[in-house]
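> heads up, no residue letters with this:
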């Protein structure tokens, strides 16, 4: 084999090696590109997942805040409604209370006052009772006391017996209540039990008893 053939053969081997290297480099690059694209897709998907999770978290947070606000709005609205209803009821009570003075000037008041005293005496059910009139009601109370005491003695005789009724002593206090509109305050058992039977106390009692009916009539 001469030099020319040797050189040609060497050149052929070099070209083969270069071609091998190029193919190997292309294969390595292709594999690297594939791995890069796979890793890039994985990272992009992971970031997308993070963004979705963050969005869902914020969306839930906004929904929770929205529900809290709605709940607070409903609560505030309910409180305002209740306040308005209570104000209306208190206004109704005040309007009724303003009419009480006129009741004491009505011709039926003496009989009403006698009934109030008698009711208090029966409730206390004590033979020794002191009756205190409201300020300015001394005269009317004195007039009503006789009839109420007589009726109480009659009731006590039937209920507690004649001997118990014989010890009845209903007296009027030397001092009057500082304030009030009509009615009386009665004290029994040596002053240990006091029963208020004024027009204001009866109005308040009626108000409490009929409050559900009043609310139903006004607001339902």
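Structure's in. What do you need? The model shown is predicted, which means the values in this text are computed figures rather than measured ones.
> going forward, measure contacts between C-alpha atoms and count neighbours the same way
Will do.
> need the longest helix for this protein.
Using DSSP state H, we find that the single longest helix of the chain is helix 3-98.
> just how off-centre is that helix within its chain?
With CA atoms, centre = their mean, to the nearest Å as the basis, helix 3-98 stands 43 Å off its chain's centre.
> who does that helix touch, helix- and strand-wise?
In terms of contacts (3 or more CA pairs under 8 Å, 6 or more residues apart in numbering; DSSP states H and E), helix 3-98 is packed against helix 199-219.
> and the helix it packs on, what does it pack onto?
helix 3-98.
> quick one: average pLDDT of the helix it packs on?
For helix 3-98, mean pLDDT is 87.
> nearest the middle, which residue of the protein would you pick?
By CA atoms, centre = their mean, the mean C-alpha position of the chain lies nearest to residue 79, the distance being 7.2 Å.
> could you check how far that residue is from residue 85?
10 Å (CA to CA, to the nearest Å).
> can you check residue 127 too?
45 Å.
> ditto for residue 134
32 Å.
> break this structure down into its domains, please.
1-98, 100-212 (automatic domain parsing).
> so which of these gets nearest residue 219?
Taking CA to CA, domain 1-98 is the member of those nearest to residue 219, at 7.9 Å.
> and stretch 189-209, how far out from the chain middle?
Stretch 189-209 sits 28 Å away from the centroid of its parent chain (CA atoms, centre = their mean).
> how about it: buried residues?
Neighbour counts over stretch 189-209 (16 or more other CA atoms under 10 Å) mark 194-201, 203, 207 as buried.
> any chance of these in CSV, plus distance to residue 150?
Putting the buried residues of stretch 189-209 into CSV (distance: CA to CA, whole Å) gives the following:
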residue, distance to residue 150
194, 21
195, 20
196, 21
197, 19
198, 21
199, 22
200, 26
201, 24
203, 26
207, 31
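> determine which two of these are furthest apart.
Pairwise distances among the buried residues of stretch 189-209 were taken by CA to CA; the largest, 21.3 Å, belongs to 194 and 207.
> would JSON lines of the buried residues of stretch 189-209 with pLDDT and distance to residue 157 be doable?
Conversion of the buried residues of stretch 189-209 to JSON lines gives the following (pLDDT from 0 to 100; distance: CA to CA, whole Å):
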{"residue": "194", "pLDDT": "93", "distance to residue 157": "23"}
{"residue": "195", "pLDDT": "93", "distance to residue 157": "22"}
{"residue": "196", "pLDDT": "91", "distance to residue 157": "24"}
{"residue": "197", "pLDDT": "92", "distance to residue 157": "23"}
{"residue": "198", "pLDDT": "91", "distance to residue 157": "26"}
{"residue": "199", "pLDDT": "92", "distance to residue 157": "28"}
{"residue": "200", "pLDDT": "91", "distance to residue 157": "31"}
{"residue": "201", "pLDDT": "90", "distance to residue 157": "29"}
{"residue": "203", "pLDDT": "91", "distance to residue 157": "31"}
{"residue": "207", "pLDDT": "88", "distance to residue 157": "34"}
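> just those now: which is nearest residue 14?
residue 207 (116.4 Å).
> burial of the closest residue in space to that closest one that isn't next to it in sequence, as a residue count?
Computed as CA to CA, 6 or more residues apart in numbering, the closest residue to residue 207 that is not its neighbour in sequence is residue 93, at 7.3 Å. Number of residues near residue 93 (other CA atoms under 10 Å) recorded here: 14.
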